[in-house]
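Q: kindly return the folded structure for what I paste below:
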Amino acid sequence: MAGIGFDLLRLWKQGSYQSLMRAYTLTTMMVSGPGLFIVVSLGIVCFFTLFSTLNYLIGYQFLSVVTYLLSSSMIVSALLQYTFTRFMNDQLFSRDFKQVSPNFIGILLLQLIISIFFSIPVVFYFFSEHSLILKLLLISNFIILCMIWMSVVVLTGIKAYRLIIWGFAIGYYVMIVVHLLWGRPDIRFLLLEFLLAQIILLFFLLYAILDYYPTNECIKFDFLKKENFYFTLVFSNFFYAIGFWVDKYLFWFNSDTGFLIFPPLRLSPLYDLPLFIAYISTIPASSVFLLQIEANFALKYPSFMQTIFQHKTLDEINAIRDELVLAGRGAVLSLFKTQTTMIIIMLLLACFLFSVLQILPIYLNLLFILLIAVGLNVILWGLLNILYYLTQYLHALYVSILFAVSNCLFTLITLHAGPYYFGYGYGFSVLLSIAFALIFINKDFKDLEYYTFMMAD
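A: Alright, predicted model coming up:
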């Protein structure tokens, strides 16, 4: 499990600029590789679609459909992701490797059933006026995406980041090639290309997992046993996914900010464009945090547990505990400093570009707010990761629920307040969630020996 962490630590300790660049490049691809492949591939396809037909609306319709497919599949698949990852890591810790693949097939089957029961009524109700072929393409894409997110989480849990990146690269490369060779200005054909990319990606991920953990058993559902199923992980990840997307949906379906693109789907260019730019600015900070966590904190935490399991002296336990706390604080501090630097750089660039391109000032004001809000969200993401590492799942659940509820409530308030308040709801909800996450982490670090001794017993 810690293989990638040792690789990063080796690069980090070499001390040269070249080794540091390699380490940061690797973590950048881990954090943003799949997302970058999706964005770049969709951008290329939409670019050629827009310039191959006079009907520019088709490209925007395709983007709107894919946006809803990605968001809805992330939310639905979030229910089972983390509890299965915990079960899988428990099997790896106990070196029971033969349990991984059959239970992975079991979780995919369960995810398939959930996706089918969710997507069929939703698609046939909201897209009743569209053709049967379009409905089937929407359902198929949604189901495959849900299974992909589950596979990605499993590979992430075993630190197989390179396989994830290669899978996304191959799948979306095929989509681009198919579009360039046989592309048609038809949303059904575009969705078929997208489905082909997802199928290739899913089979690559499946092969990677099943090949890495061979077994003689076909399918098992041990992850559903009471001792292996964590409801706190189920709902903490689900509510975080809700909180991540709820402000977007509220802007899309507000009559003053959203526009009908592909009935019944709506988007909000006023909110979506600045938000997209803001999320790009989070890549460096996320990479720095992942490097600190994987190469430092994640390797010290097992050492701390071993000092207790092996009945070391109190001085030895306190020494490794202090190192662990410093590693956690250092990771969060590095995340904060890097994201603050990126916010300043993006603000300066935005002021220059907006003045040159003569873009409306309201976009610039919203971008300023969202840059700070998204930067805070990256910090929240980092704090939640530390809570998960410390196995404080209930505290992570509280923070995730607070984030989802406050983001929904505050965004509704700002929508009623007017354009100059857009984005503040998202920002204040993240800030409030960060405050509670810091309180929980501070308490958990103070009680670290107690919790670890209880686990040892």
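
Q: could you identify the longest helix within the protein?
A: If you go by DSSP state H, the chain has its longest helix at helix 314-357.

Q: all strands of the stretch 101-250 of the chain, in order?
A: Using DSSP state E, counting those that start in this stretch, no strands are found in the stretch 101-250 of the chain.

Q: what about the helices in it?
A: 132-157, 161-182, 187-212, 231-252 (DSSP state H, counting those that start in this stretch).

Q: export the ones you listed to CSV and append columns for mean pLDDT.
A: Shown next, in CSV, are the helices of the stretch 101-250 of the chain (pLDDT from 0 to 100):
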stretch, mean pLDDT
helix 132-157, 89
helix 161-182, 79
helix 187-212, 88
helix 231-252, 94
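
Q: can you list the low-confidence ranges for the protein?
A: Low-confidence segments of the chain, defined by pLDDT under 70: 1-56, 156-161, 183, 294-296, 298-299, 301-302, 356-359, 449-457.

Q: domain parsing for it?
A: According to automatic domain parsing, the chain comprises the domains 30-229, 273-456.

Q: tell me which of the ones you listed lies nearest to residue 235.
A: domain 273-456 (5.7 Å; Cβ to Cβ). For the C-beta atoms, the positions are set from N, CA and C on the backbone; glycine is no exception.

Q: residue 70 against residue 146, yeah?
A: No: if you go by Cβ atoms under 8 Å, residue 70 and residue 146 don't touch, sitting 10.7 Å apart.

Q: those two: which has the busier surroundings?
A: Set side by side, residue 70 and residue 146 show more neighbours around residue 146, with 28 against 18, by other Cβ atoms under 10 Å.

Q: returning to that earlier point: and the helix or strand following the longest helix of the chain, how far out from the chain's middle?
A: Where DSSP states H and E defines the elements, the next helix or strand beyond helix 314-357 is helix 361-389. Distance of helix 361-389 from the chain centroid (Cα atoms, centre = their mean, to the nearest Å) equals 14 Å.

Q: give the other helices and strands that helix 361-389 contacts.
A: helix 231-252, helix 269-280, helix 283-292, helix 314-357, helix 393-417, helix 424-446 (3 or more Cβ pairs under 8 Å, 6 or more residues apart in numbering; DSSP states H and E).

Q: now with 6 Å?
A: Applying 3 or more Cβ pairs under 6 Å, 6 or more residues apart in numbering; DSSP states H and E, one finds that helix 361-389 contacts helix 269-280, helix 283-292, helix 314-357, helix 393-417, helix 424-446.

Q: can you give the contact residues for the fourth one?
A: With contacts defined as Cβ atoms under 6 Å, 6 or more residues apart in numbering, helix 393-417 is touched by 232-233, 235-236, 239-240, 242-243, 246-247, 250, 254, 384, 387-388, 421-422, 424-425, 428-429, 432-433, 436-437, 440.

Q: among those, name the buried ones.
A: Those of the contacts of helix 393-417 that meet the buried threshold are 232-233, 235-236, 239-240, 242-243, 246-247, 250, 254, 384, 387-388, 422, 424-425, 428-429, 432-433, 436-437, 440, by 16 or more other Cβ atoms under 10 Å.

Q: so how far is residue 131 from the nearest residue to residue 381 once chain neighbours are set aside?
A: Nearest in space to residue 381, with sequence neighbours left out and distances taken as Cβ to Cβ, 6 or more residues apart in numbering, is residue 286 at 7.6 Å. Per Cβ to Cβ, to the nearest Å, residue 286 is found 40 Å from residue 131.

Q: same check on residue 206?
A: From residue 206 to residue 131 the distance is 30 Å (Cβ to Cβ).

Q: all good on my end, thank you.
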